[in-house]
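Q: pasting the sequence and the predicted coordinates here, then a few questions.
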Amino acid sequence: MSGAVSAAGAGLGAGLGAELGAELGAGLGAGLGAKLGDRPEAGLGAELGDRFEETSGTSGIVRAMAEIDARVRALPSSVHAGLSASVALTVTERDTAASLRSGDVPVLGTPRLVALCEEASCRALDGRLGPDFTSVASRLQFDHLGPVAVGSTVTAEATLEKVEGRRLSFTISVALDADDRAGLIAAGRLTRVVVHRPTFLAKARCSEPVGNHPVDAGGHAGGHAGGDAGG
């Protein structure tokens, strides 16, 4: 009798253990996906939940966590400090502070300069992040140092200075071309964060823009532009 009870207890314990492992795994997977938000690792949240369910039990969970963690931590070796790119722009009326509504003077506007620097930083990363990954701007420190007239040509340069996990720190600068008059027009720092593209886009909420100024969800919520040279 005692042997039958023991066998039944063992069977019940094994069944409960497997069921508990599966539920725990699914719960942890969902919780992790929610907490990661728009970080690139969040794109693996669903896969993590599936792996937990397939490998119920503590040892299976640990193995699944270790494998996926190793995959999401390291950026490709092609992303490293020293990468740089430059972008040139000949200023037109559309690029002025008056046209961009960032001021009322007909000179190169600060928003256009910032966009030019972001473009340079993106070019520095072209083809280096791998499929399904991209980068978005998360922080900006920017000084606009001098006015630039319509017809002048400027060149923005972005150099990757530091790689910290998925966080990429760039130094940025804009100068007038030598044919105009050599000189630094703007300088600063830009931080980009590598994200899982499908997950990031899935989190984007479609809504009516506030007034006439839609918010750039991937760019400037944490940014700051200093100086008043261009408006």
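A: Nice, thanks for sending it over. Residues are numbered from 1 along each chain as shown.
Q: what's the first helix or strand after the biggest strand by length in the chain?
A: The single longest strand within the chain, with elements called by DSSP state E, is strand 183-196. Using DSSP states H and E, the helix or strand that follows strand 183-196 in sequence is helix 197-203.
Q: which of the residues in that following helix are buried?
A: Using 16 or more other CB atoms under 10 Å as the test for burial, helix 197-203 gives 197, 199-200. Just so you know, the C-beta spots here come from the backbone N, C-alpha and C atoms, and that holds for glycine as well.
Q: check stretch 168-187 too.
A: 168-176, 185-187.
Q: can you give me the helices for the chain?
A: Taking DSSP state H as the test, the helices found in the chain are 2-36, 45-54, 58-73, 97-100, 110-124, 197-203.
Q: and the furthest pair within the buried residues of stretch 168-187?
A: With CB to CB as the measure, no two of the buried residues of stretch 168-187 lie farther apart than Leu168 and Leu176, at 27.0 Å.
Q: mean pLDDT per helix and strand in the protein: which one sits at the bottom?
A: strand 224-226 (a mean of 46; mean pLDDT, DSSP states H and E).
Q: start to end distance for stretch 99-110?
A: 11 Å (CA to CA, to the nearest Å).
Q: for that stretch, give the mean pLDDT please.
A: The average pLDDT within stretch 99-110 is 96.
Q: same check on stretch 136-148?
A: 96.
Q: quick one: buried residues of that stretch?
A: Neighbour-count burial for stretch 136-148 flags 136-140, 142-144, 147-148 (criterion: 16+ other CB under 10 Å).
Q: strands - which of those land there?
A: Those of the buried residues of stretch 136-148 lying in strands (DSSP E): 136-140, 142-144.
Q: dump those residues to TSV, plus distance to Val193.
A: Shown next, in TSV, are these (distance: CB to CB, whole Å):
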residue	distance to Val193
Val136	6
Ala137	8
Ser138	5
Arg139	9
Leu140	13
Phe142	18
Asp143	22
His144	24
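Q: between the residues you listed, which is nearest Leu83?
A: For those, the nearest to Leu83 is Ala137 (16.0 Å; CB to CB).
Q: so how far is Thr96 from the closest one?
A: 23 Å (CB to CB, to the nearest Å).
Q: then Gly109?
A: Taking CB to CB, one finds Gly109 at 6 Å from Thr96.
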